[in-house]
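Trainee: Provided below for reference: sequence and predicted model.
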Amino acid sequence: MTLTSRLASTADLEKLKPLIAAAIAELQKGFLTPEQIDSSTAIMGLDTQLIEDKTYFVIEDEGEIAGCGGWSRRATLYGGDHSTGRDAGLLDPAKDPAKVRAMYTHPAHTRRGVGRLILSLCEQAAAAEGFTALELMGTLSGRPLYEAYGFEAVEQVEDARGGAPVPLVRMRKKITS
């Protein structure tokens, strides 16, 4: 397996949408109830501002999209274009952590380094812009990856905007690159 990365473009959107839907539906099984998984669709997804900002990556395995994810210099911590409460305000790298956003791995490509590659790309890019820390809002299914990469939980919350309350964990990591 050879993973490659590139910046996402708007031309990728139609291929990313089913990957994101499959990741939400399949990878949270065993962590959330079916109602919570359904509810997750209201609070998760792709914020296309990341593509516009050129901070969103596509990971491919021999030409097939295996995952996607990115980082942001903006205040929104999580949520897709359809999610309420987004804030496009710019962060101050001297005091604010960059946000890791919208990480999804296709269910057929889990446990192959896709998520770790996305995190390393985000960390390198954020460091290049002067950020010294990363922050994300993790799902329960993503938490083991984030902890293995060095993130620490700082707050546990529930988001019920989709109906059933979905447990989430805010996590942070100092940038080491």
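Mentor: Perfect, I can see it now.
Trainee: Excluding chain neighbours, what is closest to Ser9?
Mentor: Nearest residue to Ser9 in three dimensions, chain neighbours excluded: Ile51, at 6.6 Å (CB to CB, 6 or more residues apart in numbering). The C-beta positions use only the backbone N, C-alpha and C, and glycine is treated the same way.
Trainee: ok, which stretches of this structure are strands?
Mentor: With strands called from DSSP state E, the chain shows them at 3-7, 56-61, 64-72, 98-105, 133-139, 152-159, 166-174.
Trainee: Give me the distance between the residue nearest to Ser9 and Val58.
Mentor: 10 Å (CB to CB, to the nearest Å).
Trainee: what touches both of these two?
Mentor: 8, 12 (CB atoms under 8 Å, 6 or more residues apart in numbering).
Trainee: which residues touch the closest residue to Phe151 other than its chain neighbours?
Mentor: Nearest residue to Phe151, sequence neighbours excluded (CB to CB, 6+ apart): Met171, at 4.0 Å. With contact set as CB under 8 Å, 6+ apart, Met171 has these partners: 135-138, 143, 146-147, 151-154.
Trainee: Now, of those residues, which are buried?
Mentor: Buried members of the contacts of Met171, counted by 16 or more other CB atoms under 10 Å: 135-138, 143, 146, 151.
Trainee: Just send the residues you listed back as CSV, with distance to His82 and pLDDT too.
Mentor: Listed next are these as CSV, based on distance: CB to CB, whole Å; pLDDT from 0 to 100:
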residue, distance to His82, pLDDT
Glu135, 22, 98
Leu136, 19, 98
Met137, 16, 98
Gly138, 20, 97
Arg143, 24, 97
Tyr146, 24, 98
Phe151, 26, 98
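Trainee: Which other helices and strands does the lowest-mean-pLDDT helix or strand in the chain contact?
Mentor: For the chain, scoring each helix and strand by mean pLDDT, DSSP states H and E identifies helix 34-43 as the least confident one, at a mean of 95. Under the contact definition 3 or more CB pairs under 8 Å, 6 or more residues apart in numbering; DSSP states H and E, helix 34-43 sits against helix 13-27, strand 166-174.
Trainee: let's see 10 Å
Mentor: Applying 3 or more CB pairs under 10 Å, 6 or more residues apart in numbering; DSSP states H and E, we find helix 34-43 packed against helix 13-27, strand 133-139, strand 152-159, strand 166-174.
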